[in-house]
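Enquirer: Got a predicted structure here, sequence first:
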Amino acid sequence: MTASIPAAIVRGVDGHPVTVEVHVGPGLPGLTIVGLPGAACREARDRVRAAVLAAGVKWPVQRITVNLAPSGTRKAGAGLDLAMAVGVLVANGDLEAAAVARMGFLGELGLDGTVRPVPGTVPLVDAVECDEVVVAVASAPDAVLVEGPKVRPVATLLELVLALRGDEPWPDHPVVGVGQELAEVLDLADVRGQPVVRRALEVAAAGGHHLLMVGPPGAGKTMLASRLPGLLPDLERDQAMEATRVHSAAGLSLGGGLVRRPPFRAPHHTATMVALVGGGTEAMRPGEVSMASSGVLFLDELAEFNPTVLDALRQPLEEGVIRISRARFSAELPARVLLVAAMNPCPCGEAGRPGACRCPVGLLVRYQRRLSGPLLDRFDLRVDVLRPEVQQLLGGEPGEPTAVVAARVVAARARAQERGVRANAELQGSELERWAALADDAHALLTTVLGSGRLSARGLTRVKRVALTLADLDGHDGPLTAGHVGTALQLRADVVGVQGLVA
């Protein structure tokens, strides 16, 4: 007899439907798995047999062939175990085919018959083509986030067999998530001084503009960056679902709820190419850039990252996606991030202070060359972060709190949404020309700057986007003024440590 059981696999952040076809017939007893199974899939033969015996069902002493269709797609992971076991039972006559009609099965099996959760539950359930889906109890809170199939959680294969036979009712395991743990919102009022950088943070949050901060150790760069997520609004439904799919595919805990707050990821500067952009396995696991999608990617000590790794970000920052291609498969991963980076102006960190820098000229040149001009050109905002004055640290007035600044950010983003984009950084071509028209004085200012060679064509586009965001924060309507354009140019000025690399 034969059986066909719906299941799914994850590649990248997307689920792909798989049909587990099982044939039980005469021949030398054994179980063969075909259809490009990965190592974990091939090892399922032993897990499935032990789990079936643990459920009290006799293992067929016949030839068993399992085909994972489509046969030309590599299958990775242990999430097909449960579908294989059900297929064997149906093909051997231990279960009626009608009992599993329009049902999908996702889960790993233990040798004692327990059904265990697998990474990527959200994209898996979204991809499986059925009316009901059986998952592990631990996977149920994530599975119910997908609108569509009815979720039936089970703890063991025995529970599932008894329910499908009609000997026992379906187990009533409560589907309860712990809820999303909301990260503490760090208050911008904790930052003393730094009016220029605070303004740059506000502009970055309002317009989705990438930000580079350069300053000596202890100036507050990391402290400032960690307060940026609190300025961002909650994710919309489609953004929250995308972020949830990414986190699920990466094996991160969801807590039974959608990812509603913008993610904040801060990889260490020793991160490899695979860790940052993803891939590296048959499942094409998402990297830090994808896990920060719709949120903030913070690269501290930017100049300490491998230059090759940093240059791999150039295309994702422009297009918002990462395309990974391998010999047998490819994947497209989301990469719509707000990039915030921090670095010292030189290896010793004291460049810019007369007589303080101890770095020889050759070392400074090598340090600057670690960052390519094209990468730096993608930062809309580049600001120096100076150490606060003593008076500011020991008794200065606190700045505006996060709640006040966040309200202005929400208002500015609402104006951007009226233009058909989530943030001004997404405006392109004719749409940017339409909404970022220049007043005469702004046109004259840009003509002078472009004529001096200090600004590239890409830089001009980014300056206009930043100027539009500044106008939105000010509630200004009409053509952009020289004041908005001038401020945008100041926020994009060469900073200590990267002079001469970009314009």
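Expert: Good, I have the coordinates.
Enquirer: buried residues in stretch 325-333?
Expert: 329, 331, 333 (16 or more other CB atoms under 10 Å). Placement of C-beta: from N, CA and C, glycine included.
Enquirer: same question, stretch 158-166
Expert: 158, 159, 160, 161, 162, 163, 164.
Enquirer: quick one: that stretch to chain centroid distance?
Expert: Relative to the chain's own centre, stretch 158-166 is displaced by 38 Å; criterion: CA atoms, centre = their mean, to the nearest Å.
Enquirer: pLDDT averaged over it - what is it?
Expert: The average of the pLDDT scores along stretch 158-166 is 95.
Enquirer: on that earlier part again, in helices, which of the buried residues of stretch 325-333 appear?
Expert: Secondary structure from DSSP state H places none of these in helices.
Enquirer: Tell me which residues are up against stretch 310-317.
Expert: The contact list for stretch 310-317, computed with CB atoms under 8 Å, 6 or more residues apart in numbering, reads 210, 273, 276-277, 289, 299, 302, 322, 335, 337, 339, 371-372, 374-375, 378.
Enquirer: how about 10 Å then?
Expert: Applying CB atoms under 10 Å, 6 or more residues apart in numbering, the contact partners of stretch 310-317 are 210, 269, 273, 276-277, 287, 289-290, 293, 297, 299, 302-303, 305-306, 321-323, 333-337, 339, 341, 370-372, 374-379.
Enquirer: got the buried residues for it?
Expert: So stretch 310-317, judged by 16+ other CB under 10 Å, has buried residues 310, 312, 313, 316, 317.
Enquirer: and residue 172, helix, strand or coil?
Expert: Under DSSP: H, G, I helix; E, B strand; the rest coil, residue 172 falls in the coil class.
Enquirer: hmm, I was thinking of residue 33
Expert: Put simply, residue 33 is strand when judged by three-state DSSP.
Enquirer: List phi and psi for the residue lying closest to it once chain neighbours are set aside.
Expert: Leaving aside its sequence neighbours, residue 33 sits nearest to residue 66 (CB to CB, 6 or more residues apart in numbering; 4.6 Å). With angles defined as degrees, to the nearest 10, residue 66 sits at phi -110, psi 120.
Enquirer: Enumerate the beta-bridge partners assigned to residue 66.
Expert: Residues in a beta bridge with residue 66, per DSSP bridges, are residue 22, residue 33.
Enquirer: hang on, the earlier thing: export the buried residues of stretch 310-317 as CSV, with columns for distance to residue 136.
Expert: Output for the buried residues of stretch 310-317, formatted as CSV (distance: CB to CB, whole Å):
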residue, distance to residue 136
310, 40
312, 36
313, 36
316, 34
317, 38
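Enquirer: So which of the residues you listed sit within helices?
Expert: Here DSSP H is the test, and the buried residues of stretch 310-317 give 310, 316, 317 as lying in helices.
Enquirer: And the pLDDT at residue 177?
Expert: Listed pLDDT for residue 177 reads 57.
Enquirer: on that earlier part again, farthest-separated two in the buried residues of stretch 310-317?
Expert: Between any two of the buried residues of stretch 310-317, the greatest separation by CB to CB is 11.5 Å, found for 310 and 316.
Enquirer: Pull the contacting residues for the most centrally placed residue in the chain.
Expert: The centre of the chain sits closest to residue 291, judged by CA atoms, centre = their mean, with a distance of 2.3 Å. For residue 291, the contacting residues are 13, 243, 246-247, 249-250, 252, 259, 263-265, 267, 278, 285, 297, 333-335, 337, taking CB under 10 Å, 6+ apart as the criterion.
Enquirer: now the helices for the stretch 101-250 of the chain?
Expert: For the stretch 101-250 of the chain, the helices defined by DSSP state H, counting those that start in this stretch cover 121-127, 140-143, 157-165, 195-207, 221-225, 237-249.
Enquirer: for the stretch 251-400 of the chain, that is, sorry about that
Expert: So, for the stretch 251-400 of the chain - with DSSP H, counting those that start in this stretch - the helices run 273-277, 288-291, 307-311, 314-319, 361-369, 373-376, 390-393.
Enquirer: Pick the most buried one from those.
Expert: Among those, the stretch with the highest mean neighbour count (mean count of other CB atoms under 10 Å) is helix 288-291, at a mean of 26.
Enquirer: tell me the mean pLDDT over that helix?
Expert: Averaged over helix 288-291, pLDDT sits at 94.
Enquirer: If we go by neighbour counts, what in stretch 231-247 is buried?
Expert: Per 16+ other CB under 10 Å, stretch 231-247 contains these buried residues: 231, 232, 235, 239, 240, 241, 242, 243, 244, 245, 246, 247.
Enquirer: thinking again about what came up before, include distance to residue 53 when you put the helices of the stretch 101-250 of the chain into a markdown table, please.
Expert: Shown next, in a markdown table, are these (distance: least, CB to CB, whole Å):
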| stretch | distance to residue 53 |
| --- | --- |
| helix 121-127 | 26 |
| helix 140-143 | 26 |
| helix 157-165 | 10 |
| helix 195-207 | 58 |
| helix 221-225 | 55 |
| helix 237-249 | 32 |
